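Peer 1: sequence first, then the predicted structure:
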Amino acid sequence: MTNDTILGVLKRPNLRTVWPHEALNFSNWLGANLAALNSALGLELELVRPEAPVGPFSLDLLARVVGTQDRAVIENQLERTDHDHLGKLLTYTAGYDATHVVWISSEFREEHRAALDWLNNNTSPDRNFFGILVEALQIDDSRPAVNFRIVVSPNAWQKAAHQTAQDINTASDQEQLNQVFNAIYDLAKASGLFVRLLKPLGSRSYYVLERTHRQVEYAVAFSRDSIRAEVWLNFPEPGMNVHLFRSLKLRAEAIERALDGGVDWDFNESRRRQGLRVKREIDRGRLGEQIADVATWAAQKIIAFRQIAEVGLDSEVKAALTEAALQDDKTVE
């Protein structure tokens, strides 16, 4: 028996013969079969929503890392990569503040590989860009099988070096952050104000305690020399965030009083997210000596934000939805 009679012939059929339509066939199949992509990525993603809206655009698949609030955006392309899809990918990343960004294509141009490498090397350590090559494989006349291959992935060594240089977030430092976040969680839980209080993830310097009304985020964040208590209006519709921010600004005096002043009103109409925060300077090198004090300060501020910002928010969100719809109608006209 010769090798010719033992071995089959490996073929790579055109992807369009397997999935004739990118959105209707491939994206729908991938949304129902994320395990195949997870195996290539080494992640555990679960589908949140197909065709997720970002302004007038639609992201192919919005997912999240199982057991966390970390979002993943997945953009599919059954053709060679192009600038249009790269631009959309960055728009979706910003729109959903995604930590994992996945671009799937049948062929990657070298300049687009380089662009993803540059993003991995020059963005924050918790932002990860992947380029995934998709192909169909077939032996003789067997049924085709999908194969995902990573062609661009985050460089763990460069990410680690960047993080050390930018944020002094060492293992011991992360342990101290975790102690602060856990203490904040306990104080927030004891307040009885938070309906869907989230536990800290234990691996980052940013902790979202709760999301109300879909996308009103109450969070605590560390930087190199400060801790912040924040409220972010993070709806996919930019007009809603503008409307809600202005509604909160009408109550600025009461909010400032509840927070003992020092509120930073972070508004930029050209940006999707709008927010407000209070900040306290700290010495990260001595955080271990002041964990209880820092946690108590942050918990008091985020509880005060939760009490004052939620007043009237039900009606304000409904009003914002109405105004956003009217603005969309005007744009169409």
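Peer 2: Sure thing, it's come through.

Peer 1: got phi/psi on R273?
Peer 2: When quoted as degrees, to the nearest 10, the phi and psi of R273 stand at phi -80, psi 140.

Peer 1: contacting residues around it?
Peer 2: By CB atoms under 8 Å, 6 or more residues apart in numbering, the contact list for R273 reads D97, W232, L233, N234, N241. Any C-beta I mention is one placed from the backbone N, CA and C, and that applies to glycine too.

Peer 1: one more time with 7 Å
Peer 2: By CB atoms under 7 Å, 6 or more residues apart in numbering, R273 lies in contact with W232, L233, N234, N241.

Peer 1: turn those into a markdown table, columns for distance to L7.
Peer 2: Listed next are those as a markdown table, based on distance: CB to CB, whole Å:
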| residue | distance to L7 |
| --- | --- |
| W232 | 57 |
| L233 | 60 |
| N234 | 54 |
| N241 | 59 |
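
Peer 1: can I assume N76 sits in a strand?
Peer 2: Yes: counting by DSSP: H, G, I helix; E, B strand; the rest coil, N76 is part of a strand.

Peer 1: that one bridge partners, please.
Peer 2: For N76, the beta-bridge partners are I104 (DSSP bridges).

Peer 1: list the contacts of it.
Peer 2: E22, F26, S27, L30, D60, I104.

Peer 1: just S106 next, same as before
Peer 2: Contacts of S106 by CB under 7 Å, 6+ apart are L15, L78, E79, R80, V134, E135.

Peer 1: L313 contacts H213, correct?
Peer 2: Yes: contact criterion CB atoms under 7 Å: L313 and H213 qualify, at 6.2 Å.

Peer 1: in ChimeraX, how would I select just the buried ones from the contacts of N76?
Peer 2: Per 16 or more other CB atoms under 10 Å, the buried members of the contacts of N76 correspond to this ChimeraX selection:
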select :26,27,30,60,104
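
Peer 1: which of the contacts of N76 fall within helices?
Peer 2: Counting by DSSP state H, the part of those found in helices is L30.

Peer 1: just the closest of the contacts of N76 to V66, please.
Peer 2: Using CB to CB, L30 comes nearest to V66 of these, at 16.6 Å.

Peer 1: quick check on the contacts of S106: which are buried?
Peer 2: Judged by 16+ other CB under 10 Å, buried ones among the contacts of S106: L15, L78, V134, E135.

Peer 1: the stretch 1-150 of the chain: strands as residue ranges?
Peer 2: Taking DSSP state E, counting those that start in this stretch as the criterion, the stretch 1-150 of the chain carries its strands at 10-11, 45-54, 57-65, 71-80, 100-107, 128-139, 145-152.

Peer 1: would you mind measuring from the most centrally placed residue in the chain to V311?
Peer 2: Among the residues of the chain, the one closest to the centroid is A98, at 2.3 Å (CA atoms, centre = their mean). Using CB to CB, to the nearest Å, A98 is found at 31 Å from V311.

Peer 1: A72 too?
Peer 2: 34 Å.

Peer 1: of those two, who's got more company?
Peer 2: Higher neighbour count among A72 and V311: A72, with 26 against 13, using other CB atoms under 10 Å.

Peer 1: identify the residue nearest that one in space, chain neighbours excluded?
Peer 2: Counting by CB to CB, 6 or more residues apart in numbering, A72 lies nearest to H100, which is 3.8 Å off, once chain neighbours are set aside.

Peer 1: now stretch 59-79: average pLDDT?
Peer 2: Per-residue pLDDT values over stretch 59-79 give a mean of 87.

Peer 1: hmm, I was thinking of stretch 226-242
Peer 2: Mean pLDDT, stretch 226-242: 87.

Peer 1: in the stretch 201-333 of the chain, what spans have low per-residue confidence?
Peer 2: Along the stretch 201-333 of the chain, the model assigns pLDDT under 70 to residues 203, 320-333.

Peer 1: in it, which spans are helices?
Peer 2: Applying DSSP state H, counting those that start in this stretch to the stretch 201-333 of the chain gives helices spanning 238-249, 252-258, 291-309, 313-332.

Peer 1: name the residues that touch the shortest one?
Peer 2: The set of residues external to helix 252-258 that reach it, using CB under 7 Å, 6+ apart, is L248, V263, A304, Q307, I308.

Peer 1: now it: how far from the chain's centre is it?
Peer 2: With CA atoms, centre = their mean, to the nearest Å as the basis, helix 252-258 stands 30 Å off its chain's centre.

Peer 1: so which bits of that helix are buried?
Peer 2: By 16+ other CB under 10 Å, the buried positions in helix 252-258 come out as I255, E256, A258.

Peer 1: how is this protein carved up into domains?
Peer 2: According to automatic domain parsing, the chain is divided into the following domains: 7-163, 168-332.

Peer 1: if I look at the residue lying closest to F194 once chain neighbours are set aside, how far off is F235?
Peer 2: Leaving aside its sequence neighbours, F194 sits nearest to E210 (CB to CB, 6+ apart; 4.9 Å). E210 is 15 Å from F235, where distance means CB to CB.

Peer 1: how about G95?
Peer 2: Distance, G95 to F235, by CB to CB: 10 Å.
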